[in-house]
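J.: What follows is a predicted structure for the sequence shown.
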Amino acid sequence: MYSILDKNDKTVVFKLPACRRIVYKQGCSFYVSVPSMIFRLRFEKINGFYRYEHSNSVFCDSNKLYHVCFPNTSKNGFVCLGQQVYIAEESLTKFIDAFLSFYWGREFSSEGLGSINLYHESILGNFCGWQKTTKEDENWVPSSSELIKFADLRWIRFKSLFEYYCCASSNFEKLYNV
């Protein structure tokens, strides 16, 4: 289901493959094709339990990172899950599974529109259009032509992700114009 890219005593970075998901927004559900995603979860380990602190997410392909076009996600990938988030599990695997269940089961609102506003002219900026395209073509997955690339990764909070994608890449400067 996911692959762990990096972990330490406070953070885990993992990648989900492209898939189709039901997302919820303001009382409606939408069936959409989602490209591969990378999540960074920050946690605190207390008395043997992993306890959720905050998270970031990006869309990705083989060598580029893109803004996530979901409400409640800032331009730097920070995911707002609301005030009453309590995820605590004894194992890292259960912690990640609980986070993903919470993330995909929650309802997006329009309180934070930083990232989705970048997509206002794209099919991905409208859940109805996104769902229609998903249903019309069973093989369609949003790709670089529909996604918006991060212009500058230096300010993103994914240190290990940044290193994973960029520092190991010989064409980092060409990809991100730095």
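T.: Right, received. Where do you want to start? Note that the structure is predicted; figures quoted are calculated from it, not measured.

J.: how about the CA coordinates for the longest helix that the chain contains, as CSV?
T.: Using DSSP state H, we find that the single longest helix of the chain is helix 92-105. C-alpha atoms of helix 92-105 as CSV (Å, rounded to 0.1, in the frame of the first residue of the first chain):
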residue,chain,number,x,y,z
LEU,A,92,4.8,2.9,13.2
THR,A,93,2.8,0.8,10.8
LYS,A,94,-0.4,1.1,12.8
PHE,A,95,0.3,4.9,13.2
ILE,A,96,0.6,5.4,9.4
ASP,A,97,-2.5,3.3,8.8
ALA,A,98,-4.5,5.2,11.3
PHE,A,99,-3.3,8.5,9.8
LEU,A,100,-4.3,7.4,6.3
SER,A,101,-7.8,6.3,7.5
PHE,A,102,-8.3,9.6,9.2
TYR,A,103,-6.9,11.7,6.2
TRP,A,104,-9.0,10.0,3.5
GLY,A,105,-12.1,9.7,5.7
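
J.: If you count contacts, what does the helix or strand that contains Lys15 end up packed against?
T.: Assessed by DSSP states H and E, Lys15 sits inside strand 11-16. Applying 3 or more C-beta pairs under 8 Å, 6 or more residues apart in numbering; DSSP states H and E, one finds that strand 11-16 contacts strand 3-7, strand 37-46, helix 92-105, helix 159-162. Bear in mind the C-beta positions are built from the backbone N, C-alpha and C, glycine included.

J.: Mind doing that once more with 10 Å?
T.: Applying 3 or more C-beta pairs under 10 Å, 6 or more residues apart in numbering; DSSP states H and E, we find strand 11-16 packed against strand 3-7, strand 37-46, strand 49-60, helix 92-105, helix 159-162.

J.: looking at those, which has the lowest confidence?
T.: Confidence, taken as mean pLDDT, is least for helix 159-162 of the helices and strands packed on strand 11-16 (a mean of 50).

J.: okay, now the nearest residue to Leu147 once chain neighbours are set aside: neighbour count?
T.: Closest residue to Leu147 apart from its sequence neighbours, by C-beta to C-beta, 6 or more residues apart in numbering: Tyr66 at 3.9 Å. Using other C-beta atoms under 10 Å, Tyr66 has 23 neighbouring residues.

J.: Same question for the one 10 residues further on.
T.: Using other C-beta under 10 Å, Asn76 has 16 neighbouring residues.

J.: That one belongs to a strand, doesn't it?
T.: No: read with DSSP: H, G, I helix; E, B strand; the rest coil, Asn76 is coil and lies in no strand.

J.: about what we covered before: surely the residue nearest to Leu147 touches Thr73?
T.: No: with contact defined as C-beta atoms under 10 Å, Tyr66 and Thr73 do not form a contacting pair (11.7 Å).
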